[in-house]
Each structure stands twice: as C-alpha cells, then as structure tokens.
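**Q** I need the structure of the sequence given here:
(one chain, ligands or ions: 1)
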Amino acid sequence: MIINIYISRINLLRVFGYVITRRKSRLVSIGSVEIGANAPIAIQSMAKTHTDNIESTVHQIHELEALKCHIIRVAVPDVKAVKCLGEIKKRIHIPLVADIHFGHNLALEAINQGVDKIRINPGNMQKREKLEDIVRLAKKRRIPIRIGVNSGSIRDQRGNETDLVELMVNTTLRYCEHFESLGFKDIIISLKASDVQKTMQAYRSIAGQCDYPLHLGVTAAGAPEDAVIKSAIGIGGLLSEGIGDTLRVSYTGTPHQEVRAGYKILEAIGLVESSEAEILSCPTCGRCEIDLVKIVEDVKRRLPTKKQSIQIAVMGCVVNGPGEAMDADIGIAGGNGFGLLFRKGEKIRKIPENEMVTTLLEEIESLQP
Ligand code: SF4
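**A** You can find the predicted model right below:
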C-alpha cells in the first residue's frame with residue numbers, strides 16, 4: 001500500500017517568477033488545522049515549560065499564539081503532566097499535541113484528556129499490543145498520530161541495516177504498515193537527524209514512498225545561530241523541492257524564536273508573504289563611500305511597527321546599486337557622500353548622506369496602506 005506511490009506534483013505557488021511544485025500528500029486534520037494536500041504549511045513549536053505548571057505553560061502558549069504559531073506540542077514525561085492536558089487544552093486556542101515516549105498509559109490518558117494529536121516513536125513502545133491499544137484509541141477519537149523517528153533514537157535498532165537514512169526510512173515505513181493494518185491512516189511522519197544532509201535524504205526518500213504528510217525539522221540543531229542555518233538549509237531546501245507539510249525549527253532557545261524562524265524560512269522561499277518591511281542591503285566593499293552599515297542599522301531600528309510587505313534596497317555604489325534600488329519599492333544607490341533615491345523603479349532625486357535615513361523612513365511611511 002505505501003510502497004512505490006509515485007509523487008504526483010501540483011503547482012503550489014508562483015513566486016519570484018518561478019513555480020514551486022508540491023508533493024501530493026494526504027490531508028490530515030489536527031484539531032482545526034489541516035495538514036497536507038493543498039493546506040498551507042503549518043508552523044509548530046514546543047512549549048519549554050514544565051507541562052504540570054499549567055499557568056506558565058498556558059501563558060507561553062498564548063505568547064506563541066500571538067506570533068501565529070499554528071500548533072503547539074507539550075512534553076508528557078509523567079502522570080502529573082498528562083493530567084494537566086485537559087485543562088491546558090481548554091485554555092488555549094490552537095491544537096495541542098502530546099509528546100509521549102515510552103509510557104503507553106500516558107499516550108492513552110493524553111488521548112482521553114482530549115489532545116488533538118499525539119507524537120510517539122513506536123520504537124520506544126516495548127509491547128506491540130500496547131502500541132495497538134494507542135492506535136485503536138486514536139482511531140476511535142479521530143485524532144492523528146505523528147510517527148516521529150529521530151536518528152538518535154534509532155541507532156540501537158541498526159542490526160543488519162548499516163545506513164542510518166535507510167534504517168530511519170524503512171523503520172518508519174514498517175510502522176506505517178503496522179498502523180495501516182489496524183485501519184489507521186491519520187499519520188504524519190517526521191524523520192529528523194541532527195545532520196542536515198541525512199535529514200534531507202531521509203525526507204526525500206520517504207516522500208517518494210508514501211503519501212502521508214511530512215513534518216519537517218532538523219533535530220538537536222543547536223543554539224540559534226547554528227540552528228537557523230541548519231533549518232534554513234534543511235527545512236527550506238526540502239520545501240523548495242515541494243516536500244513538507246508542516247515544520248518546526250528546533251532551537252536551544254525560546255520557542256518564540258522557533259516560530260519567528262519558521263516564518264522567516266517560509267518568507268524567504270515565498271511561501272508566505274512577508275509581514276514586515278524587508279531591507280535588501282549590499283555587503284559593502286572598497287567601492288562604498290557612504291556609512292551603509294549605520295544607515296541600514298538606523299533604518300531597521302526605526303522602521304514603523306505597523307506590519308507591511310515592502311522591499312527597501314540600500315546599496316553602496318553604482319555597480320549594482322541602481323538596479324537593486326529600482327527593483328525594490330524604495331531604494332537608495334550610494335555615491336560619494338550622497339545617494340540616488342528610487343521609488344517604484346523611478347529615479348526621484350539625489351539626497352545627501354546625512355538625510356538618507358529620514359528620507360527612507362518618510363518614503364516608507366508614505367507607502368503605508
Ligand atoms: S553595491 Fe557597490 S558597494 Fe555594495 S558591495 Fe556591490 S560593489 Fe560594493
């Protein structure tokens with residue numbers, strides 16, 4: 001059933017003059033949020049509070065809701081935590097996912113508490129019949145299960161399979177077949193490795209062998225400065241190939257940063273419209289004769305807080321400056337102590353360096369809807 005399903009491709013979105021096509025996946029609902037098929041890519045995060053501290057968990061989730069996080073997951077390490085899920089669910093507005101490892105009773109209780117999805121690694125559930133109890137109850141309650149396989153959790157199961165990617169993919173497909181044999185198809189898959197290339201290989205491989213929606217992520221990605229690069233390459237690269245239906249950027253940091261980074265990835269590849277002014281600035285070099293770094297910093301710091309989707313180009317000289325400045329909504333191409341101001345592709349006037357920041361801010365203000 002799940003083997004050798006060829007990917008049929010559909011147009012996703014025409015952006016920046018090219019079309020990203022998307023792997024055709026099955027539609028799965030997580031509470032009010034649809035994942036897969038033509039549904040928008042959903043951004044997820046994980047609360048970093050202790051789940052049994054209901055107040056701080058709900059507070060953090062509300063903050064993430066304000067950042068437009070679509071789905072939130074919480075850790076369920078013990079009975080105390082699982083008993084709080086019902087109350088947390090009542091007080092939040094986005095789908096709640098329970099992250100369960102080892103404890104089959106925790107998974108059953110999480111479902112009974114009314115969560116919208118559970119995430120398990122079936123390899124961590126020792127007894128087959130206990131795993132089947134979970135699948136049957138999820139089916140009865142009509143909630144999906146994410147089969148979340150991580151490279152770190154699978155190493156012990158290597159046996160004769162020495163290739164980690166192959167092992168992750170084959171193991172996951174076996175889990176899927178097991179779930180299917182119980183008549184359960186509300187499956188979402190994640191195959192995360194801390195190695196970006198292995199992560200991408202695993203997702204590419206499984207994308208061609210089943211039609212379940214894929215939850216993208218690079219696991220144990222590290223501190224923000226490392227995690228953002230790995231995630232941009234891994235998650236962004238896969239999405240650019242049309243692979244992936246939902247994502248979580250994993251940071252050793254706050255979940256707020258994870259959500260913001262998720263949006264930045266989607267914006268960078270044109271899958272959502274940028275919600276804030278985007279500054280395109282050159283890296284500067286020996287040709288630059290204005291203090292471009294300071295100008296960019298000042299403009300960025302003083303940008304209006306009102307959300308708007310515009311591009312501002314701030315370029316150091318005439319080499320690439322006029323071209324980029326003309327392509328942006330507003331642009332400046334620097335010269336020797338002055339700059340040429342462009343608006344919507346038209347050259348407007350010459351301005352001295354010391355007026356560039358205020359002029360740009362006035363121009364931005366004039367484009368406010
Ligand atoms: S636009 Fe001009 S100043 Fe900026 S990096 Fe290019 S050549 Fe250098």
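**Q** And the residue lying closest to residue 91 once chain neighbours are set aside, its phi and psi?
**A** The shortest distance from residue 91 to any non-neighbouring residue, by CB to CB, 6 or more residues apart in numbering, is to residue 58 (4.7 Å). Where C-beta positions appear, they are placed from N, C-alpha and C, glycine not excepted. Phi and psi for residue 58, reported as degrees, to the nearest 10, are phi -60, psi -40.
**Q** Residue 111 too?
**A** According to degrees, to the nearest 10, residue 111 has phi -60, psi -40.
**Q** what do you get for residue 110?
**A** Dihedral angles (degrees, to the nearest 10) for residue 110: phi -60, psi -40.
**Q** What distance do you get for it to the ligand?
**A** From residue 110 over to the ligand the distance is 54 Å, taken as CB to the nearest ligand atom, to the nearest Å.
**Q** The nearest residue to that residue once chain neighbours are set aside - how many residues pack around it?
**A** Of all residues not flanking residue 110 in the chain, residue 98 sits nearest, at 3.7 Å (CB to CB, 6+ apart). When neighbours are counted by other CB atoms under 10 Å, residue 98 registers 28.
**Q** bridging residues for residue 98?
**A** Assessed by DSSP bridges, residue 98 has beta-bridge partners residue 74, residue 118.
**Q** Now do the contacts for it.
**A** 73-74, 76, 82, 85, 106-107, 110-111, 113, 115, 117-119 (CB atoms under 8 Å, 6 or more residues apart in numbering).
**Q** out of these, who's nearest the ligand?
**A** Taking CB to the nearest ligand atom as the measure, the ligand sits nearest to residue 73 out of the contacts of residue 98, at 42.6 Å.
**Q** what pLDDT does that closest one get?
**A** In this model, residue 73 is scored at 97, pLDDT.
**Q** Could you verify my assumption that the residue nearest to residue 91 touches residue 92?
**A** Yes - if you go by CB atoms under 8 Å, residue 58 and residue 92 touch, sitting 6.2 Å apart.
**Q** rewinding a little: in TSV: the contacts of residue 98, plus neighbour count.
**A** Formatted as TSV, those follow (neighbours: other CB atoms under 10 Å):
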residue	neighbour count
73	22
74	26
76	28
82	26
85	24
106	23
107	28
110	31
111	22
113	18
115	30
117	26
118	24
119	23
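**Q** closest to residue 312 among those?
**A** residue 73 (36.3 Å; CB to CB).
**Q** can you pull the contacts of the residue nearest to the closest one when sequence neighbours are not counted?
**A** Spatial nearest neighbour of residue 73, chain neighbours left out: residue 97 (4.0 Å); criterion: CB to CB, 6+ apart. Counting by CB under 8 Å, 6+ apart, residue 97 touches 30, 44, 71-74, 115-119, 146.
**Q** show me where the stretch 51-200 of the chain has helices.
**A** 54-66, 79-82, 85-91, 104-112, 128-141, 151-154, 164-181, 196-207 (DSSP state H, counting those that start in this stretch).
**Q** of all the ones you listed, which lies closest to residue 345?
**A** The closest of the helices of the stretch 51-200 of the chain to residue 345 is helix 54-66. By CB to CB, the value is 36.1 Å.
**Q** Contact partners for the residue nearest to residue 86 when sequence neighbours are not counted?
**A** In space, and not counting its chain neighbours, residue 86 is closest to residue 113: 4.2 Å by CB to CB, 6+ apart. By CB under 8 Å, 6+ apart, the residues touching residue 113 are 82-83, 85-86, 89, 98.
**Q** Could you list the low-confidence segments of this structure?
**A** For the chain, the stretches flagged by pLDDT under 70 are 1-18, 155-162, 275, 305-308, 368-369.
**Q** quick one on the thing from earlier: would you quantify the distance from the residue nearest to residue 73 to residue 146?
**A** 7 Å (CB to CB, to the nearest Å).
**Q** How many neighbouring residues does the residue of the stretch 51-200 of the chain found nearest the ligand have?
**A** The minimum distance from the stretch 51-200 of the chain to the ligand, using CB to the nearest ligand atom, falls at residue 196 (28.5 Å). By other CB under 10 Å, the residues close to residue 196 number 18.
**Q** is any part of stretch 331-346 close to the ligand?
**A** No - Stretch 331-346 lies out of reach of the ligand by CB under 6 Å from any ligand atom, never closer than 6.9 Å.
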